[in-house]
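Novice: below are the sequence and a predicted model; questions follow.
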Amino acid sequence: MVIRVVRLGSPRAADEGLRLGTVRRPPRGVPKTEFARQDWYDLWFPNLAPSVDTMKMAQAAETPAQWAAFARKYRAEMSAPLPSHDLDLLAAMSHRTNFSVGCYCADEDHCHRSILRALLAERGAAVEA
């Protein structure tokens with residue numbers, strides 16, 4: 001059993017399981033009825049998305065220092081009780097079933113999902129390398 005960290009909208013792996021969209025907003029111009037069929041996500045899970053202000057920090061980050069500031073702020077948001085509980089839940093679930101979490105960004109290294117991957121691993125989740 002494993003959590004895959006994916007780019008939303010990319011083709012699904014054969015045994016990927018449920019795909020969670022850890023994004024602040026649904027995909028633009030796509031009817032809700034098409035989200036799963038078009039490989040966006042099966043369930044919208046914005047609880048683990050950066051806040052709008054934090055997301056803007058990530059989008060504007062051009063230097064390592066700016067990215068580090070974003071990472072600190074996102075990690076702080078995820079340490080609040082509700083997102084922290086959600087992370088613990090997903091980490092526990094990763095030992096029982098396959099599923100994936102994802103975002104739209106093309107480059108995982110410059111996306112909150114790289115930090116989300118680390119946060120899940122820090123909680124003992126089985127995360128695909």
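Specialist: Structure received.

Novice: elements contacting the helix ranked longest in the chain?
Specialist: With DSSP state H applied, the helix covering the greatest number of residues in the chain is identified as helix 64-78. Contacts defined by 3 or more C-beta pairs under 8 Å, 6 or more residues apart in numbering; DSSP states H and E place helix 64-78 against helix 52-60, helix 81-93, helix 112-122. In short, each C-beta sits where N, CA and C put it, glycine included.

Novice: try 6 Å
Specialist: The criterion is 3 or more C-beta pairs under 6 Å, 6 or more residues apart in numbering; DSSP states H and E, and the helices and strands that helix 64-78 contacts are helix 52-60, helix 112-122.

Novice: residue 70: what's it in contact with?
Specialist: Counting by C-beta atoms under 6 Å, 6 or more residues apart in numbering, residue 70 makes contact with 57, 58, 61.

Novice: so what's it scoring on pLDDT?
Specialist: The per-residue pLDDT reported for residue 70 equals 98.

Novice: now residue 1
Specialist: The model's pLDDT for residue 1 equals 89.

Novice: OK, contacts around it?
Specialist: Going by C-beta under 6 Å, 6+ apart, residue 1 touches 95, 96, 97, 98, 126.

Novice: about what we covered before: now the longest helix of the chain against helix 112-122, angle please.
Specialist: For helix 64-78 against helix 112-122, the angle between stretch directions is 50 degrees (axes from the mean of the first three to the mean of the last three C-alpha atoms, to 10 degrees).

Novice: and helix 64-78, how far out from the chain middle?
Specialist: Going by C-alpha atoms, centre = their mean, to the nearest Å, the spacing between the C-alpha centre of helix 64-78 and its chain's C-alpha centre is 15 Å.

Novice: buried set for it?
Specialist: Counting neighbours by 16 or more other C-beta atoms under 10 Å, one finds that the buried residues in helix 64-78 are 67, 70, 71, 73, 74, 77, 78.

Novice: please name the nearest non-neighbouring residue to the first one.
Specialist: Counting by C-beta to C-beta, 6 or more residues apart in numbering, residue 67 lies nearest to residue 61, which is 4.4 Å off, once chain neighbours are set aside.
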